[in-house]
Each structure stands twice: as C-alpha cells, then as structure tokens.
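What follows is a predicted structure for the sequence shown.
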Amino acid sequence: MTNAPPEGFKLLRIDEGFIPHNGPYYYRRDSAGRLEFGFQSDARHLNPNGVLHGGAILGFLDTILGHAIVRETRRYCATVSLDTQFMAAVPPGQWILGRVRIKRVARTLAFVDGEAVAGDTVLVTAAAVFRLFDAIPQREAPARPKEGR
C-alpha cells in the first residue's frame, strides 16, 4: 500500500487468514461517534473489466459487518446471509469507506446494514444476518465502543 489512510484511521489488527490478503483494513470514529472502516484499493483488487472486483468489496463488507457486531455484542458471530446490491464501479486506487448500522440484536441473530463508498459514489449496499455464538473471553474481545453506533 503506497497511500496512507485518511486522518484518524487506525489499523484493524487481523493477522491471519483471508483478511490480510484483501486489506489491510482500518477503522475510526466519525464526527458523530459512529464506527467506520476503510481500505486502500490497489491493483490486487482489479477485475478483468478494469474496476474494483466485487469480491474484494464483499470481503471487506462481510468483515466489517461482523466486526461491528462482535464489538457491540462481545460475542462470536458468523454470516448467515449477505444480500448485496452493486450500485457503481470505480478503478483501483480509491480509498474505500465502509459504514455499518446495526439494526437489531436478538438472542441468537443480529441484523445489520452496511455500504461501501468511494468518495461520493456508493459502490455496494448490503443487508446481513449474523448468527451469534458464545461470549468472547475478555482477554480476546475487541474494545467495545464507548459512543453510539
């Protein structure tokens, strides 16, 4: 990655598995205190049509939606469904911003919406359902946000 993330973004530390190959991902709080995420797209994210590959964006969205639920509930989770709508395309090299809105958390399921944007262009919108599992031991859990979603 040659470009630094925008001001205020911190590295989302995930060092194993698929996520480091698609990222790195970053996070921060916006001016209203809501959690937002981002990644710098590059040539790795290119599809044969010369724009960001949908899989790169979907991998990002799936990760940040689940991460937001883990932060909120302090429980492990897994994707049950991820319904997406592709709205626009951009070439690699763009900073991709992700926003998450947790709609409802029930006993075993969480419902969440999200979007990925590049500048003022909405790339993908998503609605997802996550299965909630056991609580995460305190030593492993990411810090819970102190402000509103």
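Structure received. Residues are numbered from 1 along each chain as shown.

quick one, helices of this protein?
Assigned by DSSP state H, the chain shows helices spanning 19-22, 54-73.

and the ones you listed as CSV, adding mean neighbour count?
Placement of C-beta: from N, CA and C, glycine included. Formatted as CSV, these follow (neighbours: other Cβ atoms under 10 Å):
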stretch, mean neighbour count
helix 19-22, 14
helix 54-73, 21
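
Nearest to residue 29 among those would be which one?
Among the helices of the chain, helix 54-73 comes nearest to residue 29, with 11.6 Å by Cβ to Cβ.

ok, and the closest non-adjacent residue to residue 12?
Using Cβ to Cβ, 6 or more residues apart in numbering and skipping the chain neighbours, the partner closest in space to residue 12 is residue 25 (4.4 Å).

Now do the contacts for that neighbour.
For residue 25, the contact set (Cβ atoms under 8 Å, 6 or more residues apart in numbering) comprises 11, 12, 14, 19, 37, 38, 39, 60, 63, 64.

so which of those residues would you say is closest to residue 78?
The nearest member of the contacts of residue 25 to residue 78, counting by Cβ to Cβ, is residue 63 at 12.3 Å.
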